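K.L.:
Take this sequence and fold it.
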Amino acid sequence: MNDNRPYADSPLWLLNSLCMYLKETGDISILTERVKTVKLVLPNTPEKSGITGCDKEFFIFEIVQEVIDCFMRHCSDSPYGMAQILYGDWCDPIDMFGTSVIGNPLTRGQGRGVNTRLSAHLFLTVVEIIDVFSSKNVLNCLESKGFNNSKITQYAKFTNNIRNSVLKYAWEEVQDYG
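P.N.:
Numbering: from 1, shown residues only. This next block holds a predicted model:
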């Protein structure tokens, strides 16, 4: 057992591992394997929730899409276009800082709590997914199972937006007008 809160970076590490597996083995068939997933026992209070099995099955590539789509929603909710802190074992003292009422999931995206490290990790991970999913063999495999390759273009725009946001808000010098 571990702390099963939905840490913001957890799915990124899974995508990183998937990409390493694909690059090392060339076994792209894993992307069309059907797997079950988990669900939160208390979805309205994820910080207190455990997890349980879920009977619904997904292709692994569908899970990849859902992870990226979720981050796209998080970044679009942020006034800075970066990944929100939400939960993370690396930032426990500031969990849910991306909410205007700290800790209230109903005000997600109304605060300013974003994380540069998480945004950079997200950027690199989605670039890696684009690289893997753009391979001719992978595209042929995924399209046979209903993957819409326009997702790759959408992900490319998303990574460009993250990159621009990180550069603008995390690395450019702030003008002192005082």
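K.L.:
Who are the packing partners of the strand ranked longest in the chain?
P.N.:
Using DSSP state E, we find that the single longest strand of the chain is strand 51-59. Secondary-structure packing of strand 51-59 (3 or more C-beta pairs under 8 Å, 6 or more residues apart in numbering; DSSP states H and E): strand 34-40. C-beta here means a position set from N, CA and C on the backbone, and glycine is covered the same way.
K.L.:
Neighbouring strands - and their directions - for the strand it packs on?
P.N.:
Sheet pairing of strand 34-40 (DSSP bridges) gives strand 51-59 (antiparallel).
K.L.:
Go ahead and measure how far the strand it pairs with is from the middle of the chain.
P.N.:
Strand 51-59 has its average C-alpha position 18 Å from the chain's average C-alpha position, going by C-alpha atoms, centre = their mean, to the nearest Å.
K.L.:
Could you point out the helix or strand that follows the longest strand of the chain?
P.N.:
helix 60-77 (DSSP states H and E).
K.L.:
can you give me the angle whichever helix or strand comes after that following helix makes with helix 60-77?
P.N.:
Remark: after helix 60-77, the chain's next helix or strand is helix 116-133, criterion DSSP H and E. The directions of helix 116-133 and helix 60-77 differ by 140 degrees, with axes from the mean of the first three to the mean of the last three C-alpha atoms, to 10 degrees as the criterion.
K.L.:
Flag every buried residue along helix 116-133.
P.N.:
Using 16 or more other C-beta atoms under 10 Å as the test for burial, helix 116-133 gives 118-123, 125-126, 128-130, 132-133.
K.L.:
picking that back up, got the CA coordinates for the longest strand of the chain in PDB?
P.N.:
C-alpha atoms of strand 51-59 as PDB (Å, rounded to 0.1, in the frame of the first residue of the first chain):
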ATOM      1  CA  ILE A  51      -8.200   3.100  -5.200                       C
ATOM      2  CA  THR A  52     -10.100   0.100  -6.400                       C
ATOM      3  CA  GLY A  53     -10.200  -2.000  -9.600                       C
ATOM      4  CA  CYS A  54     -12.400  -0.900 -12.500                       C
ATOM      5  CA  ASP A  55     -14.000  -3.400 -14.800                       C
ATOM      6  CA  LYS A  56     -13.900  -1.200 -17.900                       C
ATOM      7  CA  GLU A  57     -11.100  -2.000 -20.300                       C
ATOM      8  CA  PHE A  58      -9.100   0.300 -22.500                       C
ATOM      9  CA  PHE A  59      -6.400   0.100 -25.100                       C
END
